[in-house]
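In: Provided below for reference: sequence and predicted model.
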Amino acid sequence: MSLWPVYTGEREPHDGIAELPAPPPWRDFDGGPELATPAADGDSSAASPDRRHRARTYRATEQAVQLVNAALYLRRPLLVTGPPGSGKSSLAYAVARELRLGPVLRWNITSRTTLHDGLYQYDPLSRLYAASREPVVSREPGGSREPVASREPAAPGPGARGEDSNLQDHLRLGPLGTALLPYRRPRALLIDEIDKSDLDLPNDLLNILEEGQYEIPELARAARHTPVAEVMTDGTDDRVAVTRGRVRCRAFPFVVLTSNGEREFPPAFLRRCVRLELHQPRDAHLESIVRAHLGEPDAYAKELIARFLSRGTGGELATDQLLNAIYLTGASGLDTASRDELAEQLMPYLSRTQDDDEF
């Protein structure tokens, strides 16, 4: 029996993801062999204290809960747009924590990022160097084999069986490539700030996210001699088997693409995404965020919340500015005037819509 909503935004971690219904027929994937979900602390960087805190304290809106579940049910990426500090990235960590999806795979996008960067990294120079350090075995006329200390560097030959087998030691899957492995449960993949990418990247992602599979040409070429390669995954030194250079997902990953709204995306890309727009939290929602991070707000913290909300029409502010101000102005030894001055300095507008910048 299926469960709605699978993600609630409120519960402690649970196994509700197992109750997802079968995917729509056009989003059904059959990759294998099936892989178990990694432990939540398997990737030390993804399990850092700050990210665990963000996952535990995130407070999702009702709209966010509905659209996260829509993305999970439809096996579609979730495109999250909103101003800085609105919780776009934290949403991925919160969902992964509640649904026990393992460490979040994070792909940070810049103007130089390519699709290849997300799928896998291959280092031919390290492979060439390693090949140059391997002893060469020579045959004597009588049939004995004598090792030679070293050999001159040479490009790895496509027909060399030993060198093909070493190829896997110089290749590691990227965040996107790892997310598309045939895991039993969907992995959580955060593609952060997709709007900062080159113009071609969203279109390049279309086929991968639609088909749920990709090929590693270096492994495909070596498949004659090494049909199964053990390659490292993103974030850990764990290895997984890749057969004939082809990877196909089993459970489509929970993909969160974040955008600050700095550019428009192609219609073909948008129609393949579930779209969520986040806004700066207001009133009770903002107070619940403060409570989750810093405990019950005192009288001065509530005053700062009110000031923060009243200034919201004058320019762009981020929630973490308010959290910083409440945390720091709670230090002992500050009088009221000093606290007010410090709070003002900690909460400047990120962008302006009017000239007045006074409390």
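Out: It's in. Computed from a predicted structure; not experimentally measured.
In: Can you identify each of the strands in the stretch 251-359 of the chain by residue range?
Out: 254-259, 274-277, 315-316, 351-352 (DSSP state E, counting those that start in this stretch).
In: Most tightly packed of these?
Out: strand 254-259 (a mean of 26; mean count of other CB atoms under 10 Å). For glycine as for every other residue, the C-beta is placed from the backbone atoms N, C-alpha and C.
In: where's that one relative to the chain centroid, distance-wise?
Out: Strand 254-259 has its C-alpha centroid displaced from the chain centroid by 8 Å (CA atoms, centre = their mean, to the nearest Å).
In: again, but for stretch 12-32
Out: 19 Å.
In: What of stretch 10-27?
Out: 19 Å.
In: Enumerate the positions of that stretch that are buried.
Out: 16-17, 20, 23 (16 or more other CB atoms under 10 Å).
In: Same question for stretch 194-207.
Out: 194-197, 201-202, 205.
In: Would you mind putting those residues into TSV with distance to residue 69 and pLDDT alongside?
Out: Shown next, in TSV, are the buried residues of stretch 194-207 (distance: CB to CB, whole Å; pLDDT from 0 to 100):
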residue	distance to residue 69	pLDDT
194	22	96
195	25	95
196	28	95
197	27	95
201	27	95
202	24	94
205	23	95
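In: Over to residue 189. Which of the three states is it?
Out: strand (DSSP: H, G, I helix; E, B strand; the rest coil).
In: roughly how far apart are it and residue 173?
Out: 12 Å (CB to CB, to the nearest Å).
In: Report pLDDT for residue 158.
Out: For residue 158, the model assigns a pLDDT of 42.
In: How about residue 299?
Out: So residue 299 comes in at 90 (pLDDT).
In: Now for it, how many residues are close by?
Out: 6 (other CB atoms under 10 Å).
In: how far away is it from residue 97?
Out: Taking CB to CB, one finds residue 299 at 32 Å from residue 97.
In: Using a markdown table, lay out the strands of the stretch 251-359 of the chain together with distance to residue 37.
Out: What follows is the strands of the stretch 251-359 of the chain, written out as a markdown table (distance: least, CB to CB, whole Å):
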| stretch | distance to residue 37 |
| --- | --- |
| strand 254-259 | 12 |
| strand 274-277 | 22 |
| strand 315-316 | 38 |
| strand 351-352 | 41 |
